[in-house]
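[1] let's see this in three dimensions:
(one chain, ligands or ions: 1)
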Amino acid sequence: MTFPWLKGHGTENDFVLLPDHDGTVHGTLDPAFVAGLCDRRRGIGADGVMRVIRTAALGEPSDATWFMDYSNADGSVSEMCGNGVRVFALHLLQEGLVPEGEPIVIGTRGGDKTVTPHEDMFSVDMGLPEVRGYSKVSANGRTWEAQDVRTGNPHAVAFVDSLSDAGYLVDQPDFDHSVYPEGVNIEFVQRVDAEHIKLRVHERGSGETRSCGTGACAAVVAHALDRRTSDPLHCRVDVPGGTVWVDWGPSMPLTLTGPAEIVARGEMDWLS
Ligand SMILES: N[C@@H](CCC[C@H](N)C(=O)O)C(=O)O
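    Okay, here's the model as predicted:
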């Protein structure tokens, strides 16, 4: 069966997009098929797959016309992807599926997200974060305390003196499974100054990636709470694949701003 696909990224967090507007092309997305597409040796290679589907065709509880049906590289389903939702919005615009010059509402399993296009950037209203307690994360023989922050999906945010402290993140860092029975995205964060942080991330279901939008938001929340001031924060977040910006203050919704690109498109006959 031949079907259309596109490749895009946001700060090098990369995705295969599968247009399937009425859910008739892929039916129920098979996790093994997703994992094959995302494999960097035997597939196209990506951190995740976004099926572009009408909410009505998927039957998810959302008021949005379009739904970002997101899977990680291992085929597991995630609630939200902050970099992906910007790429998804760009795709809807480029295909004329939404009107230009207006905010775009996109359904996700982490709730409806409104994306506002600017000249060469997209801002996403990420909603209110949920701040929970602390647990421990470990990698390569070192252990850190990590703040539990939910930004549509689960995050453990650990502050490090240097991003190299976490070492090679080939294996899954250890975390408390009683706190995160559904798995967790783990951010290692280095403070630069009050309005600037850097991070590395090990994503649930995808391994170490070049960026994570929901992770950048979670890291800024943990950074802001530590400053013990209620002033709204406009924070620069450097990731291995580029830079995003996060705005947040206590009782304010998070805003994530960053770039989005579509870099390839084609028709595919998936043979394996
Ligand atoms: N890279 C994404 C997050 C993708 C989902 C995550 N791996 C999870 O399982 O929750 C982002 O930009 O937010």
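[2] now the helices for the stretch 101-250 of the chain?
    Secondary structure of the stretch 101-250 of the chain (DSSP state H, counting those that start in this stretch): helices located at 213-227.
[3] strands of that one, start to end?
    104-107, 113-117, 122-127, 130-139, 142-150, 154-159, 174-175, 185-193, 196-203, 207-209, 233-239, 242-248 (DSSP state E, counting those that start in this stretch).
[4] so what's the nearest residue to residue 107 once chain neighbours are set aside scoring on pLDDT?
    Nearest non-adjacent residue to residue 107, counting by CB to CB, 6 or more residues apart in numbering: residue 62, 3.2 Å away. Heads up, the C-betas are built off the backbone N, CA and C, glycines and all. Per-residue confidence at residue 62 stands at 92 (pLDDT).
[5] how many neighbours does residue 62 have?
    The number of residues packed near residue 62 is 20, by other CB atoms under 10 Å.
[6] please begin residue numbering at 648 from this point
    In the new count, where the first residue is 648, that last one comes out as residue 709.
[7] quick one: it from the ligand, how far?
    18 Å (CB to the nearest ligand atom, to the nearest Å).
[8] quick one: contacts for residue 715?
    Contacts of residue 715 were listed using CB atoms under 8 Å, 6 or more residues apart in numbering, and they are 697-699, 728, 731-732, 735, 753-755.
[9] change it to 10 Å
    662, 664, 697-700, 702, 709, 727-728, 731-732, 734-736, 738-739, 753-757, 760 (CB atoms under 10 Å, 6 or more residues apart in numbering).
[10] same question, residue 731
    Residue 731 is in contact with 655-657, 660-662, 664, 694-697, 715, 717, 725, 753, 755, 859-861, 907, counting by CB under 10 Å, 6+ apart.
[11] phi and psi next, for it.
    Main-chain torsions, residue 731, degrees, to the nearest 10: phi -60, psi -40.
[12] what about residue 743, how many neighbours?
    Neighbour count for residue 743, taken as other CB under 10 Å: 8.
[13] just checking, it is part of a strand?
    No. According to DSSP: H, G, I helix; E, B strand; the rest coil, residue 743 belongs to no strand; its state is coil.
[14] show me which residues of the protein sit near the ligand.
    Taking CB under 6 Å from any ligand atom, the part of the chain that reaches the ligand is made up of 660, 695, 719, 725, 728-731, 800, 832, 850-853, 856, 859-862.
[15] let's see that with 5 Å instead.
    Within the chain, the positions near the ligand by CB under 5 Å from any ligand atom are 660, 719, 725, 728-730, 800, 850-852, 859-861.
[16] burial-wise, tell me which of the strands of the stretch 748-897 of the chain comes out on top.
    Most buried of the strands of the stretch 748-897 of the chain, by mean neighbour count (mean count of other CB atoms under 10 Å): strand 801-806, with a mean of 26.
[17] give the partner strands of that one in its sheet and their orientations.
    If you go by DSSP bridges, strand 801-806 pairs up with strand 789-797 (antiparallel), strand 832-840 (parallel).
[18] same list (those) but as a markdown table, adding distance to residue 682 and mean pLDDT.
    Converted to a markdown table, the strands paired with strand 801-806 look like this (distance: least, CB to CB, whole Å; pLDDT from 0 to 100):
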| stretch | distance to residue 682 | mean pLDDT |
| --- | --- | --- |
| strand 789-797 | 26 | 98 |
| strand 832-840 | 18 | 97 |
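[19] for residue 895, find the nearest of the ones you listed.
    Closest approach to residue 895 among these (CB to CB): strand 789-797, 10.8 Å.
[20] could I get the CA-only coordinates of that closest one as PDB?
    Extracted in PDB, the C-alpha atoms of strand 789-797 (Å, rounded to 0.1, in the frame of the first residue of the first chain):
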ATOM      1  CA  ARG A 789      25.800   9.200  39.600                       C
ATOM      2  CA  THR A 790      22.500  10.100  41.300                       C
ATOM      3  CA  TRP A 791      20.600  13.400  41.400                       C
ATOM      4  CA  GLU A 792      17.500  14.700  43.100                       C
ATOM      5  CA  ALA A 793      14.800  15.400  40.400                       C
ATOM      6  CA  GLN A 794      11.700  17.600  40.500                       C
ATOM      7  CA  ASP A 795       8.600  15.900  39.200                       C
ATOM      8  CA  VAL A 796       6.900  18.300  36.700                       C
ATOM      9  CA  ARG A 797       4.000  17.400  34.400                       C
END
